[in-house]
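Asker: Sequence first, then the predicted structure:
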Amino acid sequence: MARILIIEDIKLNIELFTALLSYAGHETFVAECALPGIELAQTKSPDVILMDIQMIGMDGIQATQILRADPKTQNIPIAAVTALAMDGDREKLLSSGFDAYIPKPIDTDQFVKDVNKLIELGRLR
């Protein structure tokens with residue numbers, strides 16, 4: 001079991017991600033925007049963070065940069081979970097500090113596998 005922080009502003013996505021991860025035996029925490037998500041990451045020490053990119057206020061890239069600059073959270077694996085799927089978006093996000101890229105709409109069979117890979121990455125750090 002891992003502790004997974006979901007930072008996502010669409011309730012339907014939150015429900016889907018939470019259901020899939022809970023069914024796989026993981027514990028989830030949710031923030032519907034970046035600043036509360038950063039605070040949860042700093043206080044709950046999750047094993048993995050799933051970060052939406054396009055959110056009102058601070059976007060996921062800015063939030064990830066803050067998490068990477070903080071010694072408490074800099075080594076937590078972070079996946080960009082996003083509808084940004086144009087040529088170059090994946091590479092841009094990975095070079096911005098994300099450890100993985102999960103496109104929306106998610107492939108429900110692949111989603112938990114991708115999260116499990118991030119959990120393993122975190123254990124290796």
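Answerer: Yep, it's here. Remember, it's a predicted structure, so these values are computed and weren't measured experimentally. Numbers count the residues shown, from 1 in each chain.

Asker: which other helices and strands contact the helix or strand of the chain with the lowest mean pLDDT?
Answerer: Least confident helix or strand of the chain, by mean pLDDT, DSSP states H and E, is helix 89-95 with a mean of 88. The contact analysis (3 or more Cβ pairs under 8 Å, 6 or more residues apart in numbering; DSSP states H and E) places helix 89-95 against strand 78-82, strand 100-103. Any C-beta I mention is one placed from the backbone N, CA and C, and that applies to glycine too.

Asker: so where's the protein uncertain?
Answerer: 86 (pLDDT under 70).

Asker: Who are the contact partners of Gly60?
Answerer: Taking Cβ atoms under 8 Å, 6 or more residues apart in numbering, we find Gly60 in contact with Ile7, Ala34, Met51, Asp52, Ile53, Gln54, Ala80, Thr82.

Asker: if you set the cut-off to 6 Å instead, what comes out?
Answerer: Residues counted as contacts of Gly60 (Cβ atoms under 6 Å, 6 or more residues apart in numbering) are Met51, Asp52, Ile53.

Asker: Same check on Gly57?
Answerer: Cys33.

Asker: how far away is it from Arg90?
Answerer: Per Cβ to Cβ, to the nearest Å, Gly57 is found 24 Å from Arg90.

Asker: on that earlier part again, dump the least confident helix or strand of the chain to CSV, restricted to CA.
Answerer: Output of helix 89-95 as CSV, limited to C-alpha atoms (Å, rounded to 0.1, in the frame of the first residue of the first chain):
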residue,chain,number,x,y,z
ASP,A,89,4.0,18.5,-24.3
ARG,A,90,5.2,15.2,-22.8
GLU,A,91,8.9,16.2,-23.2
LYS,A,92,8.2,19.7,-21.9
LEU,A,93,6.6,18.3,-18.8
LEU,A,94,9.3,15.7,-18.1
SER,A,95,11.9,18.4,-18.5
